[in-house]
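Engineer: Below are the sequence and a predicted model for it; my questions follow.
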Amino acid sequence: MQLPILSLPRAVPVQRERQPKENIPQTQTQREAIRAGLRQYVLDEKLVPPLSIADLRSYSEAFVREQDIAPIYTDFVGVLLNSEVWRDQLATVPYERRLLLLPKCMRIEDKCPAPFDEFGLLCKQCGLCTIQELQEEAEKLGYAVLVAEGSALVMAIIGTGKIDAIVGVSCLSVLEKAFPYMESAAIPGVAIPLLQDDCKDVTVDLEWIWETIHLTSDDATYRLNLDALREEVKGWFSQSELESIMGPAPSATEKIARDWLAKNGKRWRPFLTACIWQAMADDPSEPIPLALKKLAVAAECFHKASLVHDDIEDNDDLRYDEPSLHSEFGVPVALNVGDLLLGDGYALIASTELSAAQRVAITRVAASGHRTLCLGQGDEFQWGNAPGPLSTTEVLEIFRKKTSPAFEVSLQFGALAANGDAQLCETISKFSEALGIAYQIRDDLEDMLSGETMSDLQAMRPSLPLAILHERVRADAPLRQLVEKAWRKECTRDELEQIESLFGEYNIADRCKVLQESYKEQAIRCLSELENPSVKGLLRRVISKIFTVEVKDWCSEFETRNAAGSKIST
């Protein structure tokens, strides 16, 4: 099969996976839940900076009690609370009046070639750690950046009068020591705690740093609650809401289609439609109009139709851990329902109270996305007729055609409804392509790490892990022949189990993670072309939201230490 060459993005450093210290919540989801709760708490209590250490301790303890959080996390809550109190003031400070302070322990100590001077680490841009990426991005915005530690140095910089706000990354113990200096200077400071404090090869929540350094009051959506928005969007798919948006479903066929549309799903596509529209609205807090809801539901109609057809084409018996539509009603009914959902999507577009030009543009986007998805599925069918090894770029090209259009269609719908210009639409196309590929890589990676590798190998669809493995074993003739047998669907179960073990032996998951991070980074870099800070900021946060995952498989020693009272209400 001949496919156009899809250029791979440059690799970006990926952090080592290490568990957080015992006084820091274990997962990103838990940490984000605390941050979200603190934002509301600051609003409810009308807290104004600077807070004294006594007040900070009192409010932190009260929040921990109210939210039923383990007391061991009180210091972590205190650091986040102080940051949240300063958040709005940091947003008003121009980037060129801010300092980003990074700890030298973020480097890979045994391999780092960078020397030190009196101001800290002099990064050699070697790409081994995340310091380079953060420093480049912050300096591009206008920040002063230091890779150093020590409150004396920070106070000396504050004393120059050239810095009006600080974004600091450090361990909890250092942040606690620095607090009195920050309090006395009344300098807006937002702190991101390291996930360990053992001072070597530490990890940190990179999404949190990126969000914070880009914080600006020019972004009218920076306080927008994306979790609340997503819940609102999910509410549009109740039976009653669908009837108010689409009208009644009187016939049996319409009822099957409506039930399928209302079934489970992550609702990322309608969520993206709502996000981009809100980012471009004069007042992001205003209610979302019916026309936009229709477009969001139309995007989900197209997606759900593609799932019906995919399940038939792939002979999948389950969807959402329930019988797939054709398994329950038969192939003829399922094909017809999938086609009906496509018709519903276009009918919703036609019924929106938008201008004729907007409706035409939106229809073109939908048709183009539909065609691209079908061409990607066609490439997969052609491979299935004569299966053989695919390269990494060939698999990613299938991902681009099959997954990226759904993201692009959803975002373009919201942008065009808000009268977005040609430059925005072009950027959305590039952004969606990278985001869709990263999303599909994440799906392949999750399947591998969740123990579903055997079922995937037996189903044998174009697989990124298998493509990478084939490239890794190319020099070993027996292993290469074994992997090629898997590509041709000729392996026995024992041989498939051997291939499954090779995934671990050749660190295939790590390579998948590098590619995922590379495409996420490519999507982020596309946003630099945007002039609207609200669109730029919101799309950046959307990436974080889509790729937020639970950290699993904590070591037994860590779990034992935290067995008592470590659960967080989320």
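Structural biologist: Cool, got the structure. What you see is a predicted model, and the numbers here were worked out from it, not measured in a lab. Numbering: from 1, shown residues only.
Engineer: Break down the chain into its strands, ranges please.
Structural biologist: Along the chain, counting by DSSP state E, strands occupy 98-102, 116-117, 120-121, 144-147, 165-170, 189-193, 318-319, 322-323.
Engineer: okay, the angle between the longest one and strand 189-193?
Structural biologist: It stands for strand 165-170. Using axes from the mean of the first three to the mean of the last three C-alpha atoms, to 10 degrees, one finds that strand 165-170 and strand 189-193 are set 20 degrees apart in direction.
Engineer: quick one: contacts of strand 165-170?
Structural biologist: 86, 89-90, 93, 97-103, 106, 143, 149, 154, 158, 175, 178, 182, 187-194, 204, 209, 212-213 (C-beta atoms under 8 Å, 6 or more residues apart in numbering). In short, each C-beta sits where N, CA and C put it, glycine included.
Engineer: Please produce a PyMOL select command covering the buried subset of these.
Structural biologist: To isolate in PyMOL the members of those that are buried, counting by 16 or more other C-beta atoms under 10 Å, one can use:
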select buried, resi 86+89+90+93+98+99+100+101+102+103+106+143+149+154+158+175+178+182+187+188+189+190+191+192+193+194+204+209+212+213
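Engineer: Tell me how far the top helix by length along the chain lies from the chain's centre.
Structural biologist: Ranked by residue count, the top helix of the chain under DSSP state H comes out as helix 356-385. The chain centre lies 24 Å from the centre of helix 356-385; the measure is C-alpha atoms, centre = their mean, to the nearest Å.
Engineer: please renumber so the chain begins at 179
Structural biologist: Understood, numbering begins at 179; the last thing we discussed is helix 534-563.
Engineer: Just the buried residues of that helix, please?
Structural biologist: Within helix 534-563, the residues scored as buried using 16+ other C-beta under 10 Å are 536-537, 539-540, 543-544, 547-548, 550-551, 554-555, 557-558, 561.
Engineer: Walk me through the regions of the protein where pLDDT falls short of the threshold, as ranges.
Structural biologist: 179-199, 284-307, 327-333, 336, 354-363, 374-380, 628-638, 726-748 (pLDDT under 70).
Engineer: residue contacts, G598?
Structural biologist: For G598, the contact set (C-beta under 8 Å, 6+ apart) comprises 454, 458, 606.
Engineer: Recalculate using a threshold of 7 Å.
Structural biologist: By C-beta atoms under 7 Å, 6 or more residues apart in numbering, the contact set of G598 is M458.
Engineer: Relative to L312, how far out is it?
Structural biologist: Distance, G598 to L312, by C-beta to C-beta, to the nearest Å: 30 Å.
Engineer: Once you drop chain neighbours, what's closest to V368?
Structural biologist: Distances taken as C-beta to C-beta, 6 or more residues apart in numbering place S261 nearest to V368, at 4.3 Å, with adjacent residues excluded.
Engineer: neighbours of I646, just the number please.
Structural biologist: Burial of I646 is recorded as 23 neighbouring residues (other C-beta atoms under 10 Å).
Engineer: helices or strands up against the longest helix of the chain?
Structural biologist: Under the contact definition 3 or more C-beta pairs under 7 Å, 6 or more residues apart in numbering; DSSP states H and E, helix 534-563 sits against helix 468-492, helix 509-529, helix 570-580, helix 582-595.
Engineer: would you turn the ones you listed into TSV with distance to I231?
Structural biologist: What follows is the helices and strands packed on helix 534-563, written out as TSV (distance: least, C-beta to C-beta, whole Å):
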stretch	distance to I231
helix 468-492	46
helix 509-529	56
helix 570-580	51
helix 582-595	45
